[in-house]
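Undergrad: got a predicted model here, sequence first, then my questions.
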Amino acid sequence: MDRKYLVYKGSSPNHCCCDQALCILPNGRMVVAFMTGGDKEPELDNHLRCCWSDDRGKTWSQPIVILRYPDRACCMTQMYLDMNGHLVIFAQPHDGGFTRWECVTIKSEDGGETWSAPSLFEPSPRRCFIRNVITTSWGEWIMPLQTYVNAGKWENSAIDDNSLSQPENGVLISQDRGQTWFCSNLFKGANGWAENNIVELSNGKLVMLIRSDNAGVLLRSESTDRGRNWIKPVQTDIPNPGSKFRLFKLSDGRIILLHNPNGKTSHANDLPGVQLTRNPLAMWISSDDMDSWYEKRNLTDFPGMLAYPDGVVDEQEQYIHFVFDYNRHDVIYWAAAIPAML
């Protein structure tokens, strides 16, 4: 049976909330980090907070500020556990308009209660968003990215670098569990916020699914050389309104897609920052390397925007524990039961 609880309800002056991510620590504590501050994204009040639950998501601590700049905004794109079981967040400080930005990391070694100062993440291109890291069957860590390297440079504030029309996708690869990284080839093909996720198929091939705004479907690229090179993406038949999604791989080979299966890219009642086509929120499951989906379960179609799901599968592979934002003002925790193998 599914479980769901409210994590955070935005209210003035921190009404906006989005970019949420969830990790489960070795001791069972759940930690959720998210962006809040101000009424919308982007604006200068945007900053990062986190809270935690020690009772399987039923109750959550009061959120604490973990990264805030006096004169800059900040968003986040990924949180994961490093080789020592410590939390690492990839964040992007910017000038309040998604210009003049870069990628930094912060770390917590005490379950989210205190965090380090930000440190520039040197392996990434500037203007880079980092996505969810996977561990491959051959032991490498692979972390997808989207970047806008041709849209202006951090060092030159006179350049209008707010264009998001030419994203490039690729991955960072680590052979030493996150100590060092190197980058694959970068390729074009998607539009706008080209958020991506990767999964390893049963034959060792890597597949990347990519958001492409106004396409109405996800794009797909593949790598046959362990992520070093990726082919030009093609359209899939997986509907997507222009929104972030998540892929998960189970130990029995099944692949789970958590997403908004809606091919419409706009709605008559859309508001700034609230895209009503991000509905329903669904869990699809494939047992044949994503050639087909034997399970297509709508978790919820409650009216409104159900956006940016992110989380983890528990060790018993009984639940996907994830968070999403509702209409950019609530963060909701959901434990979605994974059905038994057919």
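TA: Okay, I see it. Because the structure is predicted, anything quoted here is derived from the model rather than measured.
Undergrad: tell me the strands beside the lowest-mean-pLDDT helix or strand in the chain, with direction?
TA: Among the secondary structure pieces of the chain, namely its helices and strands, strand 128-130 has the lowest mean (mean pLDDT, DSSP states H and E), a mean of 92. Strand 128-130 sits in its sheet next to strand 141-147 (antiparallel), going by DSSP bridges.
Undergrad: who touches the partner strand?
TA: If you take CB atoms under 8 Å, 6 or more residues apart in numbering as the criterion, strand 141-147 is touched by 78, 124-136, 167-174, 177-178, 181, 183, 186, 190, 193-198, 206, 208, 227. Yep, even glycine has a C-beta here, placed from its N, CA and C like the rest.
Undergrad: so after that strand, what's the next helix or strand?
TA: strand 168-174 (DSSP states H and E).
Undergrad: how distant is the helix or strand that that next one is followed by from the center of its chain?
TA: Counting by DSSP H and E, the element after strand 168-174 in chain order, helix or strand, is strand 182-183. Here strand 182-183 shows a centroid-to-chain-centroid distance of 20 Å under the convention CA atoms, centre = their mean, to the nearest Å.
Undergrad: same check, this time on stretch 317-337
TA: Between the mean C-alpha point of stretch 317-337 and the mean C-alpha point of its chain there is a distance of 13 Å (CA atoms, centre = their mean).
Undergrad: list the buried ones in that stretch?
TA: By neighbour count, with 16 or more other CB atoms under 10 Å as the criterion, the buried positions of stretch 317-337 are 319-329, 331-336.
Undergrad: rewinding a little: and the contacts of the least confident helix or strand of the chain?
TA: By CB under 8 Å, 6+ apart, the list of residues contacting strand 128-130 reads 77-78, 90, 92, 102-103, 121, 124, 143-147, 172, 195.
Undergrad: swap in stretch 235-244?
TA: 192-193, 195, 209, 211-220, 257, 259-265, 275, 277-278, 307-310.
Undergrad: list the ones among these that fall in helices.
TA: With helices defined by DSSP state H, no entry of the contacts of stretch 235-244 lies inside them.
Undergrad: and the buried ones among those residues, selectable in PyMOL?
TA: Written as a PyMOL command, the selection of buried residues from the contacts of stretch 235-244, which uses 16+ other CB under 10 Å, is:
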select buried, resi 192+195+209+211+212+213+215+216+217+218+219+220+257+259+260+261+262+265+275+277+278+307+308+309+310
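Undergrad: who wins on neighbours among the contacts of strand 128-130?
TA: Highest neighbour count within those, by other CB atoms under 10 Å: Pro144, with 29 neighbours.
Undergrad: quick check: that residue vs Ser286, distance?
TA: In this structure, Pro144 lies at 19 Å from Ser286, with CB to CB, to the nearest Å as the measure.
Undergrad: what do you get for Arg3?
TA: When CB to CB is the yardstick, Arg3 and Ser286 sit 24 Å from each other.
Undergrad: can you check Ala215 too?
TA: Look at Ala215 and Ser286: by CB to CB, they are 21 Å apart.
Undergrad: again, but for Val331
TA: Counting by CB to CB, the gap from Val331 to Ser286 is 28 Å.
Undergrad: cool, Pro241 as well?
TA: In this structure, Pro241 and Ser286 are 21 Å apart, going by CB to CB.
Undergrad: settle it for me: which of the two has more neighbours?
TA: When Pro241 and Ser286 are compared on other CB under 10 Å, the one with more neighbours turns out to be Pro241, at 26 against 17.
Undergrad: for that one, which non-adjacent residue is spatially closest?
TA: Nearest-residue entry for Pro241: Thr277, 3.7 Å, with adjacent residues in sequence omitted and distances by CB to CB, 6 or more residues apart in numbering.
Undergrad: backbone phi and psi for the one you found, please?
TA: Comment: the main-chain dihedrals of Thr277 come out as phi -70, psi -10, following degrees, to the nearest 10.
Undergrad: I figured it was touching Thr265, is that so?
TA: Yes: using CB atoms under 8 Å as the test, Thr277 is close enough to Thr265 to be in contact (6.3 Å).
Undergrad: residues touching the residue nearest to Asn229 when sequence neighbours are not counted, list them.
TA: Closest residue in space to Asn229, ignoring its immediate chain neighbours: Asn185 at 5.1 Å, by CB to CB, 6+ apart. Asn185 is in contact with 170, 228-230, counting by CB under 8 Å, 6+ apart.
Undergrad: among those residues, which lie within helices?
TA: When these are checked against helices using DSSP H, none is located there.
Undergrad: reformat those residues as JSON lines; add pLDDT, distance to Arg29 and neighbour count.
TA: Conversion of the contacts of Asn185 to JSON lines gives the following (pLDDT from 0 to 100; distance: CB to CB, whole Å; neighbours: other CB atoms under 10 Å):
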{"residue": "Gly170", "pLDDT": "97", "distance to Arg29": "33", "neighbour count": "25"}
{"residue": "Arg228", "pLDDT": "98", "distance to Arg29": "36", "neighbour count": "15"}
{"residue": "Asn229", "pLDDT": "98", "distance to Arg29": "39", "neighbour count": "13"}
{"residue": "Trp230", "pLDDT": "98", "distance to Arg29": "36", "neighbour count": "24"}
